[in-house]
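Asker: after the sequence you'll find the predicted model.
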Amino acid sequence: MIDTFRHKGLRRKLVAELSEKGISDKNVLAAIEKVPRHYYMDNVFLPRFAYADQAFQIGAGQTISQPYTVAFQSSLLEIKKGDKVLEIGTGSGYQTAVLLELGAKVFSIERQKLLYENAKVLLNELNYKPKLFYGDGYLGLPTFAPFDKALVTAGAPYIPVPLKEQLKIGGVLVIPVGEGDSQTMVTVKKLSEKEYEQKEHGEFRFVPLLEDRAQNR
Ligand code: SAH
């Protein structure tokens, strides 16, 4: 895999575009500028697609999220170095890499075996060290909880209780909620063992968060 001056130039343009669209978190923009998105897509010869602000097919009927969406969700997470982050929907591993560049320790779950395997090989090759799991994200990862932050990268019909419960007090879950064509971006902040504060942040489009395919391991 190579990251040419052309790729880097296209990435700078993408970052400028995201910034124009309202992404202002400097750390997030720096992470997007750093991670070669074309590594996470099937055809490395398509830099135009890799650095256009759009979602793209990655196989198994799934998509790599639109850069704006990755940047928006990453901004809502307000990652601090060393944060333990639970990610649901590893997919291509692109969002995982962005979180790692932000200094997070990432625990990511994927329910499609092929995508899980591909992301594992790729992220390892790129020297990233996330903990990747093949399983059902609805359950979270009780063994590794609690988390500072949690992120769902697929559209959920409702907010799964385990994901809220597995947050530390003060922790935040970012999750697109809704079935059908569009989802509302929601943040859930854990205020105490029993209290949560929920906020909405506009409409986005995601592939669905699906239930009951794999056992967590
Ligand atoms: N973050 C990814 C986006 C992938 S799209 C990226 O940057 O490429 C959402 C992903 O969620 C898909 O890979 C899909 O297979 C996965 N997914 C859907 N339902 C899931 C579930 N219940 N548990 C874990 N992953 C799930």
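Answerer: Alright, I've got the coordinates. On a predicted model such as this, the values are computed, not experimentally measured, just so you know.
Asker: look up the pLDDT of Met1 for me, please.
Answerer: Note on Met1: pLDDT of 82.
Asker: equivalent analysis for Ala214, please.
Answerer: The model reports Ala214 with a pLDDT of 48.
Asker: how about Ser192?
Answerer: So, for Ser192, pLDDT stands at 97.
Asker: then Asp42?
Answerer: For Asp42, the model assigns a pLDDT of 80.
Asker: for the one 10 residues further on, same thing?
Answerer: Among the per-residue scores, Ala52 holds a pLDDT of 92.
Asker: please apply the same query to Arg217.
Answerer: Arg217 carries a pLDDT value of 44.
Asker: pull the residues that contact the longest helix seen in the chain.
Answerer: Taking DSSP state H as the criterion, the chain has its longest helix at helix 5-20. Applying Cβ atoms under 8 Å, 6 or more residues apart in numbering, the set of residues contacting helix 5-20 from outside is 29, 32-33, 36-38, 47-48, 50-53, 67-68, 71. Placement of C-beta: from N, CA and C, glycine included.
Asker: what about 7 Å?
Answerer: Contact with helix 5-20 is made by 29, 32-33, 36, 38, 47, 51, 53, 67-68, 71, as judged by Cβ atoms under 7 Å, 6 or more residues apart in numbering.
Asker: which among these end up buried?
Answerer: For the contacts of helix 5-20, a burial check counting by 16 or more other Cβ atoms under 10 Å picks out 29, 32, 36, 38, 47, 51, 67-68, 71.
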